[in-house]
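Chemist: got a predicted structure here, sequence first:
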Amino acid sequence: MVAISRNIQLLLFAFILAGCSTIQSGAGGDRIGFTESGQASYYSDRHQNNKTASGDIYQHNQKTAAHKTLPFGSNVKVTNTNNGKSVIVKINDRGPFVKGRIIDLSKSAFSSIGNISTGVINVNIEVVR
């Protein structure tokens, strides 16, 4: 009787622990098709080689980005609404924390769809596979 009770306790503990897991399966797979419109900015050079919220090291030549809520590892298509150019980036950081801005792009990602001298561009974003 005691052994059965102990096994039930262990099983319940395992279920509770599994429910608390923060592992994100599918790297944004449950958000495929999510869209948002707003402004994009880019990381300044002072962020080069700094650790991002995901633990990755920021490199301005990689196609990465920061978003407030999308899971790390999500692939996001970012389209400049003024010229139609797009880039696919991987979310590996949190931000931006400026009103109206929805995504911070790496310098190379930003420059592939817009002129970095503008600083901010209007974009549509969509989570893709």
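Modeler: Sure thing, it's come through. Keep in mind the model is a prediction, meaning the values are calculated, not measured.

Chemist: now the helices for the chain?
Modeler: 2-19, 107-113 (DSSP state H).

Chemist: give me the pLDDT for Phe41.
Modeler: Wrong residue type there; residue 41 is Ser, not Phe. Each residue has a pLDDT score; the one for Ser41 is 97.

Chemist: so it sits against Asp104, correct?
Modeler: Yes. Look at Ser41 against Asp104 with C-beta atoms under 8 Å: they come within range, at 5.5 Å. (C-beta placed from N, C-alpha, C; glycine too.)

Chemist: tell me what Lys90 is bridged to.
Modeler: Going by DSSP bridges, Lys90 is paired in beta bridges with Thr64, Asn75.

Chemist: surely it meets Lys77?
Modeler: No. Using C-beta under 8 Å, Lys90 is not in contact with Lys77; the gap is 11.4 Å.

Chemist: follow-up on the earlier one: when Ser41 and Asp104 are compared, which one has more neighbours?
Modeler: Set Ser41 next to Asp104 and count neighbours by other C-beta atoms under 10 Å: Asp104 wins out with 25 against 21.

Chemist: residues contacting the more buried one?
Modeler: By C-beta atoms under 8 Å, 6 or more residues apart in numbering, the contact list for Asp104 reads Ala40, Ser41, Tyr42, Tyr43, Ala65, Ala66, Asp93, Gly95, Pro96.

Chemist: most neighbours among the residues you listed, which one is it?
Modeler: Ala65 (30 neighbours).

Chemist: how close does the most centrally placed residue in the chain sit to Thr118?
Modeler: The chain has Ile91 as the residue nearest its centroid, 2.8 Å off, counting by C-alpha atoms, centre = their mean. Using C-beta to C-beta, to the nearest Å, Ile91 is found at 23 Å from Thr118.
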